[in-house]
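A.B. asks: Turn this into a structure:
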Amino acid sequence: MKAIRRMTLNELIKAKVEIESAIYAVMQADQNRQLKEAMSGIGGLLSTSASRKNQPRRGHLLKGRKLPVRFRNPNNRKETWAGRGHKPRWLVAALKRRSSKLADFAVA
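C.D. replies: Presented below is the predicted three-dimensional model:
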């Protein structure tokens, strides 16, 4: 390589670009190494959480439990609703047909 003082402007610009790209490559390699070290440090944590994925999930505590009836269809006593989830079709239709309120279907 020539002495810097003897280089032309174009040669200096080319050298600057080469030096900056070399610096960038070294910095990127260093950051990748640090990232790999950090990831290997938490690798034990990741393996324990991955093993949890293989275990069967427990359902919700209330899943499968019967809830007490809160609303009943006066036309058909078998049609009931516990007040959870979507309103049943019979209730939606009855509320649209009549000028009744939800409280009119409540079980005492």
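A.B. asks: tell me the average confidence for the helix or strand encompassing Ala29?
C.D. replies: Using DSSP states H and E, Ala29 maps to helix 9-41. For helix 9-41, the mean pLDDT works out to 92.
A.B. asks: distance between the ends of stretch 83-94?
C.D. replies: Counting by C-alpha to C-alpha, to the nearest Å, you get 16 Å between the two ends of stretch 83-94.
A.B. asks: now swap in stretch 97-108 and tell me
C.D. replies: 23 Å.
A.B. asks: swap in stretch 81-99?
C.D. replies: Using C-alpha to C-alpha, one end of stretch 81-99 lies 20 Å from the other.
A.B. asks: For it, which residues meet the burial criterion?
C.D. replies: Neighbour-count burial for stretch 81-99, counted by 16 or more other C-beta atoms under 10 Å, picks out Trp81, Trp90, Leu91, Ala94. Backbone N, C-alpha and C define where each C-beta goes, glycine included.
A.B. asks: Okay, and which of those residues map to helices?
C.D. replies: Among these, the members falling in helices (DSSP state H) are Trp90, Leu91, Ala94.
A.B. asks: doesn't Phe105 make contact with the last one?
C.D. replies: Yes - checked against C-beta atoms under 8 Å, the pair Ala94 and Phe105 is within contact range at 7.2 Å.
A.B. asks: intersection of neighbour lists for the two?
C.D. replies: Shared contacts of Ala94 and Phe105, defined by C-beta atoms under 8 Å, 6 or more residues apart in numbering, are found at Asn73.
A.B. asks: returning to that earlier point: now the ones in helices among the buried residues of stretch 81-99 as JSON lines including pLDDT and distance to Arg6?
C.D. replies: Output for those, formatted as JSON lines (pLDDT from 0 to 100; distance: C-beta to C-beta, whole Å):
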{"residue": "Trp90", "pLDDT": "92", "distance to Arg6": "96"}
{"residue": "Leu91", "pLDDT": "93", "distance to Arg6": "93"}
{"residue": "Ala94", "pLDDT": "90", "distance to Arg6": "97"}
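A.B. asks: Return the member of these nearest to Lys16.
C.D. replies: Nearest to Lys16 among these, counting by C-beta to C-beta, is Leu91 at 77.1 Å.
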